[in-house]
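Student: Mind looking at a prediction? Sequence and model below.
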Amino acid sequence: MKAKKVLLSGIGLLLACMMTIPTLHVHADSIPEPDDMFAEEHIDECELDHRVYRTKEEAAVYVSPEDATVAFVLETQTEIGGDWSYKDGNGHQWLLVHHNQKTGWIPKAELEVKYDTISFEEEHKNELVQYSDDLFKDVDVSAIKDYRFWNYPGSEECMEITDDDGFENFDIFSFFYTDQNGLRWGKVDYYRGRVDSWICLDNPNGDYAEISKGTKLAHEEYSPAETTNETGKSEKVKPNVDATFVYALVGAMVGFVVIVTAVILIVLKKKKSHEEP
C-alpha cells in the first residue's frame, strides 16, 4: 500500500513537471526556430541575421551551402530580408532568404547590405561611449513617455512610441553617441519587442526635421556585404559540396559496377558450361 502511494506521488510529480514545460518554452523573447533543414542541422553554426540586403546582379539561390541545386533565381537589385547566416569551411558567408514563398541560401558575396545601425556603429565606433553621470546629469529618463525609436542617429526612419511607464534608469541603453548638432543619443539593444534602436535623449519625440536641423548623415545607402579577395571585390562563391561524400558515391558506383560485372561473368560461365557436350 505504501509503495502504491509512493508510485502515485511520483506519477503526479512527473505530470506536474510535464505541464510546466510549455510555459518554460513559450516566451516572447525566445529565439525563433529556423524553418530550413540545413539551418536546423547546423543551428550551432548559424546566427540570426535580420539585416536588409539586395542583389548586385542576377544571382542563384541554392538549396544549401553544401548543395549546388539551384532553388530559385533573384533578379538584379532585388531587396530581401535576411533570416539566418552561416560561414562555410572556406570562410564564405551565406544568407538564408525567403522570396515569393521559396527558401534558399545565397552567398553574401552576391549581395549588398543596406546601411543600418550595424553599419553606423562600425563607422562611428570611436565615438560611442558608456554612461557617465557627468554626461547625463541633466537627463531624467523616467520622464520620457513619448519618444521615437530611430534606426540609427541621422536615419529618417522611426517608430513613434507612447509609454506611460517610462524608463527606470539608463540600464536600458548599451552605449551613447553625440551627433554633429550636439544631440545625445542612447542605443537600445532590446525593449518590448523593438531591437537595435536609438532614442534622441535631448529631443525624444522630435521629428526628423527638428533633430537633423538641416544636416544629413553622409553615407552610402548600400555597401558590399562581403569581399572575397585582396582587391576588395567579390568573386563567385559556389556551394561547398562535401568531397568525402562525392568520393564515397563514386566508390559505391564503382563497387556496384564491379559486382554487376562479376555476376554477369558467372552467369555467362555457367551458361557456357551447360552448352558444352
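Tutor: Great, that's in hand. Residues are numbered from 1 along each chain as shown.
Student: Can you list the residue ranges for helices in the stretch 51-200 of the chain?
Tutor: 117-123, 133-136 (DSSP state H, counting those that start in this stretch).
Student: ok, then the element right after the lowest-mean-pLDDT helix or strand in the chain?
Tutor: Ranked by mean pLDDT, DSSP states H and E, the helix or strand of the chain with the weakest confidence is helix 2-25, at a mean of 40. Next helix or strand after helix 2-25 toward the C-terminus (DSSP states H and E): helix 37-41.
Student: Check which helices and strands that next one sits against.
Tutor: strand 59-64, strand 79-87 (3 or more C-beta pairs under 8 Å, 6 or more residues apart in numbering; DSSP states H and E). Bear in mind the C-beta positions are built from the backbone N, C-alpha and C, glycine included.
Student: what angle sits between the last one and strand 59-64?
Tutor: For strand 79-87 and strand 59-64, the angle between their directions (axes from the mean of the first three to the mean of the last three C-alpha atoms, to 10 degrees) works out to 40 degrees.
Student: what's in contact with strand 79-87?
Tutor: 34, 36, 38-39, 42, 45-55, 65, 74, 93-99, 105, 108, 114 (C-beta atoms under 8 Å, 6 or more residues apart in numbering).
Student: do the same with stretch 67-78
Tutor: With C-beta under 8 Å, 6+ apart, stretch 67-78 has contacts from 38, 54-63, 80, 99-100, 102-106, 238-239, 241.
Student: out of those residues, which are buried?
Tutor: 38, 54-56, 59-63, 80, 99, 103-106, 239 (16 or more other C-beta atoms under 10 Å).
Student: Now do the closest residue to Asp146 other than its chain neighbours against Tyr190, distance only.
Tutor: For Asp146, ignoring the flanking residues on the chain, the nearest one in space by C-beta to C-beta, 6 or more residues apart in numbering is Asn205 at 4.6 Å. Asn205 is 21 Å from Tyr190, where distance means C-beta to C-beta, to the nearest Å.
Student: Ile264: which of the helices of the stretch 51-200 of the chain is closest?
Tutor: helix 117-123 (63.2 Å; C-beta to C-beta).
Student: Backbone dihedrals for the closest residue to Lys216 other than its chain neighbours, please?
Tutor: Using C-beta to C-beta, 6+ apart and skipping residues adjacent in sequence, the residue nearest Lys216 is Gly154, 7.3 Å away. Per-residue torsions, Gly154: phi 100, psi -10 (degrees, to the nearest 10).
Student: Could I get the pLDDT score of Gly154?
Tutor: Confidence at Gly154, expressed as pLDDT, is 94.
Student: Please apply the same query to the one 3 residues further on.
Tutor: If you check Glu157, the pLDDT there is 91.
Student: and what of Thr231?
Tutor: 50.
Student: Out of the buried ones among the contacts of stretch 67-78, which comes closest to Leu135?
Tutor: Nearest to Leu135 among the buried ones among the contacts of stretch 67-78, with distances taken as C-beta to C-beta, is Arg54, at 37.8 Å.
Student: where's the residue nearest to Lys216 relative to Ser85, distance?
Tutor: 26 Å.
Student: higher neighbour count, these two?
Tutor: Gly154 (23 against 20; other C-beta atoms under 10 Å).
Student: contacting residues for the more buried one?
Tutor: By C-beta under 8 Å, 6+ apart, the neighbours of Gly154 are 120, 179, 212, 216-217.
Student: Fine, thanks again, bye for now.
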